[in-house]
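Asker: Pasted the sequence and its predicted model underneath.
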Amino acid sequence: MDVGPARAGVHWREYSRSWMSCQLKTPKLLYNWLNNVQRWLYPPRCTLCGALGEGHYDLCRPCLNELPRNLSPCRQCGLPLEGSGAQLCGRCLKRVPPFDHAVIPLLYQSPLDRLILALKFHQGLAHARLLGQLLADAVEASESRPQLIIPVPLHPKRLRERGYNQALEIARPAAKRLNIPISLDHVQRTRHTETQTRLKYRERHKNMRGVFEVARAVPRDVAIVDDVVTSGSTVTALAKVLKQAGAERVDIWAVARAPLRG
């Protein structure tokens, strides 16, 4: 039967769309299949005790249950609060920070601190996947849905020393699961700073002044990702320049909250 040139063109376009759709889906299907095969052949092992991992985690169920949970955090900065009635901590009530909401599911205590220290200072890049999965779980259960994820950038000198940005590696699982893009070039770290481990609260905030610079236009809603929030000096400095550049809402995503000192 002769369908004519016009009808043949319609059939060809439909076939082309169907073929391209299959081509676009094939890499993802192949990746998922290979990932499932790999997990079947090499199931995850607990990074703390060596037992079989729970589901897709590199932790067994007992070790997963032992992680120190941040059960009653300040809604704005994630600081642990006594009791479950309060929404904001005293610092956020006294002085409103430049960020709007925090998703910080865990506390910087044993055994979690060992994983973060290994990632940050001892080339423990393998721990980033687990920490990122734990953060992704918390973000998925929260109200935070930004348009863009911005990992706290490292200065080029620190990046050369470490070889990777731990905040970026932690951000990847959440970005993939929530289908939110990650930016590597919206913000630059223009000044190198020494580690803040030994600095007190006020010294940390002073140390972070003028460290970040926005290089590109930012969307309305963004999320900053870091491994640990202690004084909040890093995320405060970064959120401040993002708000100055036009962001209306800035959320903080971090794996753990450490106690304030000084």
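Answerer: On my side now, so go ahead.
Asker: OK, contacts around residue 166?
Answerer: The contact partners of residue 166, taken as CB atoms under 8 Å, 6 or more residues apart in numbering, are 119-120, 128, 227. For every residue, glycine as well, the C-beta is placed using N, CA and C.
Asker: Mind checking which of those residues land in helices?
Answerer: 119-120, 128 (DSSP state H).
Asker: buried subset of the residues you listed?
Answerer: Among the ones in helices among the contacts of residue 166, those buried by neighbour count (16 or more other CB atoms under 10 Å) are 119-120, 128.
Asker: any idea which of the contacts of residue 166 is the one closest to residue 52?
Answerer: residue 128 (20.8 Å; CB to CB).
Asker: any idea of the pLDDT on the closest residue to the closest one other than its chain neighbours?
Answerer: Ranked by CB to CB, 6 or more residues apart in numbering and with sequence neighbours excluded, the top spatial neighbour of residue 128 is residue 169, at 3.5 Å. With respect to pLDDT, residue 169 scores 96.
Asker: Mind checking what secondary structure residue 169 has?
Answerer: Following DSSP: H, G, I helix; E, B strand; the rest coil, the label given to residue 169 is helix.
Asker: Next, count neighbours for it.
Answerer: Neighbour count of residue 169, defined by other CB atoms under 10 Å: 20.
Asker: Repeat that for residue 184.
Answerer: 11.
Asker: Quick check: residue 257 touching residue 231?
Answerer: No. Counting by CB atoms under 8 Å, residue 257 does not reach residue 231; the two are 10.9 Å apart.
Asker: Give me the more crowded residue out of the two.
Answerer: The neighbour comparison of residue 257 against residue 231 (other CB under 10 Å) goes to residue 257, with 26 against 21.
Asker: any idea how far the more buried one lies from residue 106?
Answerer: 8 Å (CB to CB, to the nearest Å).
Asker: go on, residue 148?
Answerer: Distance of residue 148 to residue 106, given as CB to CB: 24 Å.
Asker: of those two, who's got more company?
Answerer: Taking neighbours as other CB under 10 Å, residue 148 and residue 106 compare with residue 106 leading, 22 against 18.
Asker: Worst mean pLDDT across the helices and strands of this protein, which element?
Answerer: Taking mean pLDDT, DSSP states H and E as the measure, the helix or strand of the chain with the lowest value is helix 4-41, at a mean of 50.
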